[in-house]
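Undergrad: Structure for this input, please:
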Amino acid sequence: MTAHPRILIIGVGSIGERHLRCFQSTNRCDLAFCETLAERRESVAGRYGVAGYAGVEEAMNAESFTAAVIAAPASYHVDLARQLVAAGLHLLIEKPVSTTLAGVEELTSLVEAKQAHVTVGYMMRGLPSLKEMKAAIDSGRYGRAVELVVAAGQNFPFYRPAYREIYYAKRELGGGAIQDGITHHLNASEWLIGPITRLVADAEHCVLEGVEVEDTVHVLTRHGSVLGSFSFNQYQPPNEFRITVNCERGSFRWEMQGQRWYSASEPGGDWKLEAEHQVDRDGFYISQANQFLDQLEGNAAPLCSLADGVQTLKVNLAALESVETGKWVKVK
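TA: Predicted structure coming up:
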């Protein structure tokens with residue numbers, strides 16, 4: 001591994017440009033990117049002072065890379081990942097891993113054979129406040145976890161005004177609130193209390209103009225013996241995200257806004273603030289970038305392993321199946 005790895009960002013739409021900006025801010029790597037849209041390619045290249053290529057083949061023929069960040073639509077992730085791992089690159093794959101399980105086993109086998117470092121972009125696992133709450137849960141301070149409750153919502157058009165023109169508008173590209181939104185919450189819950197074993201989901205397109213994909217999702221989950229419930233919408237004015245984990249002898253709560261986590265153990269008492277952290281949105285991705293660079297150096301485990309990312313992909317697909325059938329679905 002070179003001391004200063006060269007990383008290729010594939011796709012510089014909203015999330016890809018954020019990866020480019022945040023990796024660049026670490027001052028720990030050199031960067032280039034691929035973008036099929038010429039106007040965007042020229043704009044981003046000028047803004048960040050890095051080379052931009054029209055495609056992966058052009059970039060790979062022009063220079064050598066240590067790793068790549070796949071920020072193309074999710075339906076392209078697996079084919080790109082197999083190509084890049086076969087060429088000897090390490091990967092950060094944006095969430096979700098894919099929109100189907102096609103090719104996933106082959107990718108997993110290739111990653112193992114090539115001993116590639118791979119992480120999946122579920123960046124919430126790197127947030128200090130959530131890591132601290134997980135440590136408290138894992139310590140058994142209040143006994144075993146028995147229930148998890150997630151409530152979240154945001155005004156998606158405010159944060160992603162071009163949502164009608166991007167992958168979000170099409171389920172087959174990874175769009176909709178299940179694959180693009182609540183998947184973060186489902187992955188975080190599996191990290192906190194264990195994998196989802198079965199679920200039932202309901203979803204609907206309620207508000208967002210110009211698209212037909214779901215913008216509202218409710219999910220009931222089983223994590224073995226632990227019960228979970230999730231509520232998520234993409235149109236309420238406040239941006240909120242809260243996770244509550246109830247244990248045998250007390251409870252924990254985490255809030256995205258303010259990066260705070262709390263505990264409570266006295267019946268009829270109040271929440272006690274345990275800690276809060278000042279982290280802006282770029283800070284989430286800078287932390288993820290540093291963790292990935294540490295992983296390349298052999299000094300850290302993946303923030304979200306490929307196996308964990310594939311598990312959450314199976315959860316996404318089970319949720320979509322449940323919405324269509326109205327039935328509980330086992331996650332296999």
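
Undergrad: Nearest residue to Gln288 in space, please, no chain neighbours.
TA: Nearest residue to Gln288, sequence neighbours excluded (CB to CB, 6 or more residues apart in numbering): Met123, at 4.3 Å. The way it works is simple: take the backbone N, C-alpha and C, and place the C-beta from them, glycine included.

Undergrad: Could you pull up the residues touching that neighbour?
TA: When contacts are counted by CB atoms under 8 Å, 6 or more residues apart in numbering, Met123 is found next to Phe284, Tyr285, Ser287, Gln288, Leu303.

Undergrad: list the buried ones in whichever strand or helix holds Ile286?
TA: If you go by DSSP states H and E, Ile286 is part of helix 281-296. Across helix 281-296, burial judged by 16 or more other CB atoms under 10 Å covers 283-293, 295-296.

Undergrad: Now do the SS call for Val245.
TA: Look at Val245: counting by DSSP: H, G, I helix; E, B strand; the rest coil, its state is strand.

Undergrad: ok, now Leu31?
TA: Per three-state DSSP, Leu31 ends up strand.

Undergrad: For it, give me its contacts.
TA: Counting by CB under 8 Å, 6+ apart, Leu31 touches Arg6, Ile7, Leu8, Ile9, Leu20, Phe23, Gln24, Tyr48, Val50.

Undergrad: rerun that using 10 Å as the cut-off
TA: Listed by CB atoms under 10 Å, 6 or more residues apart in numbering, the contact set of Leu31 reads 5-9, 19-21, 23-24, 48-51, 65, 69.

Undergrad: What average pLDDT does stretch 282-292 get?
TA: For stretch 282-292, mean pLDDT is 94.

Undergrad: Likewise for stretch 325-332?
TA: pLDDT averaged over stretch 325-332 gives 97.

Undergrad: wouldn't His223 be in contact with Ala145 here?
TA: Yes - between His223 and Ala145 there is a contact under CB atoms under 10 Å: 8.3 Å.

Undergrad: ok now do the residue nearest the centre of the chain, which residues does it touch?
TA: In the chain, the centroid-proximal residue (CA atoms, centre = their mean) is Tyr122; its distance is 2.6 Å. Contact analysis of Tyr122 by CB under 10 Å, 6+ apart lists 94-97, 183-184, 186-188, 190-191, 288, 303-304, 308-309, 312.

Undergrad: Give me the domain ranges for this protein.
TA: As assigned by automatic domain parsing, the chain contains the domains 6-123+286-303, 124-278+312-330.

Undergrad: gap between the two ends of the last one?
TA: Spelled out, that is domain 124-278+312-330. End-to-end distance for domain 124-278+312-330, by CA to CA, to the nearest Å: 25 Å.

Undergrad: Can you pull the poorly scored residue ranges out of this protein?
TA: Residue ranges of the chain with pLDDT under 70: 1-2.

Undergrad: now with 90?
TA: Applying pLDDT under 90 to the chain flags residues 1-4, 278-281, 283.

Undergrad: Identify, by residue count, the longest helix of it.
TA: Ranked by residue count and defined by DSSP state H, the top helix of the chain is helix 306-325.

Undergrad: Would you mark the buried spots in it?
TA: For helix 306-325, burial by neighbour count (16+ other CB under 10 Å) applies to 306, 308-320, 322-323.

Undergrad: contacting residues for Glu39?
TA: Glu39 makes no contacts at all, as judged by CB under 10 Å, 6+ apart.
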